[in-house]
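1. The following comprises the amino acid sequence and a computationally predicted model.
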2 protein chains.
Amino acid sequence: MEEAILNILKRNQLSVTGSRQRILELFFGQQGALAHGDIEKRTGEKFDRVTVYRTLQVFLNKGIIHTIPTTDNSIRYALCKDECEEGHHHDNHVHFVCEKCENTVCLDEVTIPEISLPKGYETRQVEVIVSGVCKKCETGKR
Amino acid sequence: MEEAILNILKRNQLSVTGSRQRILELFFGQQGALAHGDIEKRTGEKFDRVTVYRTLQVFLNKGIIHTIPTTDNSIRYALCKDECEEGHHHDNHVHFVCEKCENTVCLDEVTIPEISLPKGYETRQVEVIVSGVCKKCETGKR
DNA sequence: TAATAAGATGCAACTTTGTTGCAAAATATT
DNA sequence: AATATTTTGCAACAAAGTTGCATCTTATTA
């Protein structure tokens, strides 16, 4: 895993720095999405707020992470599964937001169905966000 | 239309005030979605920032408007077509965001297909955001 | 329709979130 | 090991969002 992180950085011609390693670790450490705030909280003592902003920005540009739209003004970020090409993501998977634990996960196994729009509209990307109750909260009813 | 606005307020047991009327007018005045900022700009001289926040909050609670998730930390709001019940929205339509004119519209005529999730997940709401080029920008190529 | 009760508004002060420039420090390159 | 390139932290700032409270407006009732 340590390995994997270095690979990602190398592959994207990014210099290996503490903050980049740490933030990637966070993403690997849980299979959910992270908001900027989350990351800041968990690294706050080690890195400056600004560094977190800039690191996420770099990861986005390189296609290492992608954003998940939300309704609460706190964009969430998640690792891209297959490395996306720079700039262009092809994360055509569904995002799930749990109403109980507030966790957001990528459901890579669920693909997005075709959606045909009225004439004149050109589709470029489709985002699907399903909210409800997740596996853990449902079964474990914690 | 003036009529329609009063109806909405009455139906929801809201007192009729200048800001509420004005903000509803804005929503009726264009069939796209509005971000908080948009509204503030177009009413800024008349109403306080805080009033706009509070008005939108009230409209949301009453189910007069609904939010549209975005990736740019600027939630957008749109009128609910059929009045939703308080608290629960059933706006199962597709949202379209134009990359050129930046406009967001509700495509009421496009319904969201069934999406079956892995076992254990309970679906409560599905949001679909399509981005691309809208009718006007495509044909008018302005 | 005047008096009162209930509710909405504006203001000020504040918190939180995001941005920018620049010098110092760390990483990469030779 | 020396130099060039990047990254980081800091400070200062800008923008977005929140809260309490006094004042004003809208609704209610007699």
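-> Happy to help now that I have it.
2. and the residue of chain A most remote from its centre, what is it in contact with?
-> In chain A, the residue that sits farthest from the middle, by C-alpha atoms, centre = their mean, is A:K119; the gap is 32.3 Å. By C-beta atoms under 8 Å, 6 or more residues apart in numbering or on different chains, A:K119 lies in contact with B:K135. All C-beta spots, glycine's among them, are computed from the backbone N, C-alpha and C.
3. Check the gap between A:T43 and A:T17 for me.
-> According to C-beta to C-beta, to the nearest Å, A:T43 and A:T17 sit 12 Å apart.
4. What is the neighbour count of A:H93?
-> Neighbour count of A:H93, defined by other C-beta atoms under 10 Å in any protein chain shown: 17.
5. Please name the nearest non-neighbouring residue to it.
-> Take A:H93 and drop its neighbours on the chain: the residue closest to it by C-beta to C-beta, 6 or more residues apart in numbering or on different chains is A:D108, 4.9 Å away.
6. The one you found: helix or strand, and which one exactly?
-> Using DSSP states H and E, A:D108 falls within strand A:104-111.
7. which other helices and strands contact that strand?
-> Applying 3 or more C-beta pairs under 8 Å, 6 or more residues apart in numbering or on different chains; DSSP states H and E, one finds that strand A:104-111 makes contact with strand A:76-79, strand A:93-98.
8. got a list of what the closest residue to A:E40 other than its chain neighbours touches?
-> Using C-beta to C-beta, 6+ apart and skipping the chain neighbours, the partner closest in space to A:E40 is A:V52 (5.4 Å). A:V52 is in contact with A:19, A:23, A:36, A:39-40, A:43, counting by C-beta under 8 Å, 6+ apart.
9. wait, which of those is closest to B:I75?
-> B:I75 lies nearest to A:H36 out of the contacts of A:V52, by C-beta to C-beta, at 15.8 Å.
10. Find the residue ranges of chain A scoring beneath the pLDDT cut-off.
-> Within chain A, the stretches with pLDDT under 70 are A:1, A:82-91, A:140-142.
11. Find the centremost residue of it, please.
-> Note: chain A centre (C-alpha atoms, centre = their mean) maps to A:A78, 1.1 Å.
12. what's around the residue nearest to that one when sequence neighbours are not counted, how many residues?
-> In space, and not counting its chain neighbours, A:A78 is closest to A:A33: 4.1 Å by C-beta to C-beta, 6+ apart. A:A33: 24 surrounding residues under other C-beta under 10 Å.
13. And A:A33, how close does it get to B:E138?
-> On the measure of C-beta to C-beta, A:A33 and B:E138 end up 32 Å apart.
14. repeat for A:V58
-> 33 Å.
15. and what of A:Y53?
-> Counting by C-beta to C-beta, the gap from A:Y53 to B:E138 is 35 Å.
16. Out of these two, name the residue with the larger neighbour count.
-> More crowded of A:Y53 and B:E138, by other C-beta under 10 Å: B:E138, with 16 against 13.
17. is it true that the more buried one lies in a helix?
-> Yes: counting by DSSP: H, G, I helix; E, B strand; the rest coil, B:E138 is located in a helix.
18. My understanding was that it contacts A:L117; is that so?
-> No: look at B:E138 against A:L117 with C-beta atoms under 8 Å: they stay out of range, at 10.9 Å.
19. Go through the helix of greatest length in chain A and flag the buried ones.
-> With secondary structure taken from DSSP state H, chain A has its longest helix at helix A:49-62. For helix A:49-62, a neighbour-count test (16 or more other C-beta atoms under 10 Å in any protein chain shown) marks A:51-52, A:55-56, A:59-60, A:62 as buried.
20. ok, back up a step: single out the most deeply packed of the helices and strands packed on strand A:104-111.
-> strand A:93-98 (a mean of 23; mean count of other C-beta atoms under 10 Å in any protein chain shown).
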